[in-house]
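> Return a 3D structure for these sequence lines:
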Amino acid sequence: MPSTPMFTEAACPIPLAPPLRPFRREDAAVVARLNNAASGGILLHHWHEKAGAEGDPWEIGRLRQIGRMEDGQTMVVVDRGEGVEAVLLGNPIGQEPMELAEAGIYLPVLELQNLVLGSWYLNDLATVESARRQGLARRLLDTAEAIARAGRHDLICLVVSDAHAPARALYAAYGYNEIARRPILKGGWDGPGNDWILLTKPL
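As a prediction, the model looks like this:
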């Protein structure tokens with residue numbers, strides 16, 4: 001019986017020049033923390049639920065990043081020789097609406113994604129605090145657009161919390177426009193914000 005392939009590095013549809021490189025398995029712990037920060041803590045809430053009282057939510061998060069790689073998501077990091085300083089995660093949205101029946105607190109996000117079928121979705125963009133205001137996020141935004149164009153998408157999109165003012169300012173400066181909003185479902189999560197906002201940019 002053939003063995004399951006062991007992915008060691010994420011695939012990327014475009015060439016990457018240093019300091020950009022594909023995500024690797026050993027990046028997973030740092031990327032989990034970056035993604036959680038970008039989410040306002042909703043991911044850690046979800047990982048706590050999956051881990052249970054005795055489990056380690058950060059290990060769930062770490063494994064989730066590896067799972068994303070194995071699922072074929074685009075995962076690009078900035079590494080200037082001292083480890084991951086910023087990350088970009090994204091994937092195409094299919095042409096068929098996503099099932100919403102068991103979406104839980106992610107329901108409004110999936111509803112917004114269903115408004116932009118066939119687009120390229122910028123799932124996460126995050127920078128470690130010590131590397132902010134150095135142009136890394138802009139470098140990754142340029143990369144995201146190049147990846148979307150390589151996949152022949154004519155629209156790139158993302159969902160951001162209304163509480164994330166710095167990110168919203170960056171996206172506005174890059175030409176992203178608000179298309180729709182949905183109220184954030186808190187559940188047991190006590191994070192900031194009232195609405196998820198869908199932003200899009202034609203390519």
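> Does the spatially most central residue of the chain belong to a helix, a strand or coil?
For the chain, the residue nearest the mean C-alpha position is residue 124 (2.1 Å; C-alpha atoms, centre = their mean). Following DSSP: H, G, I helix; E, B strand; the rest coil, the label given to residue 124 is strand.
> Which parts of this protein are helices?
Using DSSP state H, the helices of the chain run over 28-38, 42-51, 57-70, 107-113, 136-150, 165-173.
> which regions of the protein sit below the pLDDT cut-off?
Across the chain, the ranges flagged by pLDDT under 70 are 1-6.
> what do you get if the cut-off is 80, keeping everything else the same?
1-7 (pLDDT under 80).
> related to what we said a few turns ago, report the separation between the nearest residue to the residue nearest to the centre of the chain once chain neighbours are set aside and residue 11.
Closest residue in space to residue 124, ignoring its immediate chain neighbours: residue 89 at 4.2 Å, by C-beta to C-beta, 6 or more residues apart in numbering. Every residue, glycine included, has its C-beta placed from N, CA and C. Here residue 89 is placed at a distance of 13 Å from residue 11 (C-beta to C-beta, to the nearest Å).
> out of those two, which sits in the busier spot?
Set residue 89 next to residue 11 and count neighbours by other C-beta atoms under 10 Å: residue 89 wins out with 26 against 12.
> The more buried one pairs with what?
Beta-bridge pairing for residue 89 (DSSP bridges): residue 75, residue 124.
> residue contacts, it?
For residue 89, the contacting residues are 31, 35, 68, 73, 74, 75, 122, 123, 124, 125, by C-beta atoms under 8 Å, 6 or more residues apart in numbering.
> Dump the residues you listed into a markdown table; add distance to residue 203 as well.
Compiled in a markdown table, these are given as follows (distance: C-beta to C-beta, whole Å):
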| residue | distance to residue 203 |
| --- | --- |
| 31 | 26 |
| 35 | 24 |
| 68 | 23 |
| 73 | 19 |
| 74 | 15 |
| 75 | 20 |
| 122 | 12 |
| 123 | 17 |
| 124 | 19 |
| 125 | 17 |
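> Neighbour-wise, which one of these leads?
Counting neighbours by other C-beta under 10 Å, the top entry in the contacts of residue 89 is residue 74, with 28 neighbours.
> Now that residue: closest residue in space, sequence neighbours ignored.
Of all residues beyond its chain neighbours, the one nearest residue 74 is residue 90 (4.9 Å), with distances taken as C-beta to C-beta, 6+ apart.
> count of residues packed around that neighbour?
Other residues lying near residue 90 total 24 when counted by other C-beta under 10 Å.
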